[in-house]
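>>> just coords:
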Ligand SMILES: Nc1ncnc2[nH]cnc12
Ligand SMILES: [Zn+2]
């Protein structure tokens, strides 16, 4: 009997999150707490006033506030607390595997050491695995508005922590900073054994997705919405089953779509694209994983079968072992049959 409500169905289904910026999980309450203990000032006088500033017309307006928020993170324990808060939150949402981004340049550029950042994040991820059963991978993302030299320097800083970092990524202001700007950095990263991913086609054109594939040799495209402008690109993405880590509430808040009813994720599934649901920067966009699933489910009237496909895709597109992927897919199929 499939009588479970759609809300409960979404809550209970096992999920993996593949597109999440740890700095984007910084909830206002924790921000004020950490600012206080570090004697840092925040431009806003209260949690409420800060939340009111969360209204964005585009990616850049969001990034300005996001980088300002990250300024109060100083000590290793701050990065631990930030990461731990995220893990306990998504644990309650049946997220069992996470592959998360961190942006080292956001911190090293203001004098916080690479070691401090990664040690705090990693220790929390290890505790999350042990205490909450959430497996994880870590992705180091380069800020594309900065230059190639800064990215190379960051890659150097990452080498002693190679065992902790699975992949490198590319984020921040997309338009005007094409993947080609980082072709040589990504070549070096691949030589060093890192997997590569890149944000592409969020605000930028479909050509940037081609560049991410051809020049950066990515194994996933983060966002990828604009692929739908180019039929030959869609055909290619379907053929190679290139995962797209799609972020519905982020797309709504950053005006990539004007209404969730216009969100392309159902169309992506229909076309045979390997689309997944993710939260991007949940503290800023009004929801974690389940709120993203629920938002598109209500707006697009998704069926339990479509939700099941999206959850299975999240494991297919992950970097878990093939055996673990098969186990999770079987578990989700059983869940679908019973709910
Ligand atoms: N949605 C997004 N796009 C690009 N860079 C980001 N950094 C954090 N969130 C981002
Ligand atoms: Zn992102």
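Yep, it's here. The structure displayed is predicted, hence computed values, not measured ones. Numbers count the residues shown, from 1 in each chain. Ligands and ions are numbered 1, 2, ... in the order given.
>>> Give me the neighbour count for residue 113.
Residues lying near residue 113 (other C-beta atoms under 10 Å) number 13. C-betas here are computed from N, CA, C, even on glycine.
>>> Backbone dihedrals for it, both of them.
Phi and psi for residue 113, reported as degrees, to the nearest 10, are phi -80, psi 150.
>>> same question, residue 302
Phi and psi for residue 302, reported as degrees, to the nearest 10, are phi -70, psi 150.
>>> wait, doesn't it sit right on residue 266?
Yes - Residue 302 sits in contact with residue 266 when judged by C-beta atoms under 8 Å, with a separation of 6.5 Å.
>>> which non-adjacent residue is nearest residue 308?
residue 336 (4.5 Å; C-beta to C-beta, 6 or more residues apart in numbering).
>>> what's the helix or strand for that neighbour?
helix 322-338 (DSSP states H and E).
>>> From the chain's centroid, how far away is that helix?
23 Å (C-alpha atoms, centre = their mean, to the nearest Å).
>>> what's that helix packed up against?
If you count contacts as 3 or more C-beta pairs under 8 Å, 6 or more residues apart in numbering; DSSP states H and E, helix 322-338 packs onto helix 304-316.
>>> which residues touch the helix it packs on?
Outside helix 304-316, the residues that touch it by C-beta atoms under 8 Å, 6 or more residues apart in numbering are 2, 6, 9-10, 13-18, 97, 243, 265-266, 269, 274-277, 293, 297, 324-325, 328-329, 332-333, 335-336, 339.
>>> Can you point out the buried residues in stretch 236-249?
Of all the residues in stretch 236-249, those buried under the rule 16 or more other C-beta atoms under 10 Å are 237, 242-249.
>>> Relative to ligand 1, which of these is nearest.
Using C-beta to the nearest ligand atom, residue 247 comes nearest to ligand 1 of the buried residues of stretch 236-249, at 6.6 Å.
>>> dump the residue contacts of that closest one.
19, 223, 277-280, 285, 292.
>>> Got the confidence number for it?
pLDDT, residue 247: 99.
>>> Tell me the residues of the stretch 101-250 of the chain that contact ligand 1?
Listed as neighbours of ligand 1 in the stretch 101-250 of the chain under the rule C-beta under 6 Å from any ligand atom: 171-172, 199, 202, 250.
>>> can you rerun that using 8 Å?
Contact residues, the stretch 101-250 of the chain versus ligand 1 (C-beta under 8 Å from any ligand atom): 101, 103, 141, 171-174, 199, 202, 222-223, 247, 250.
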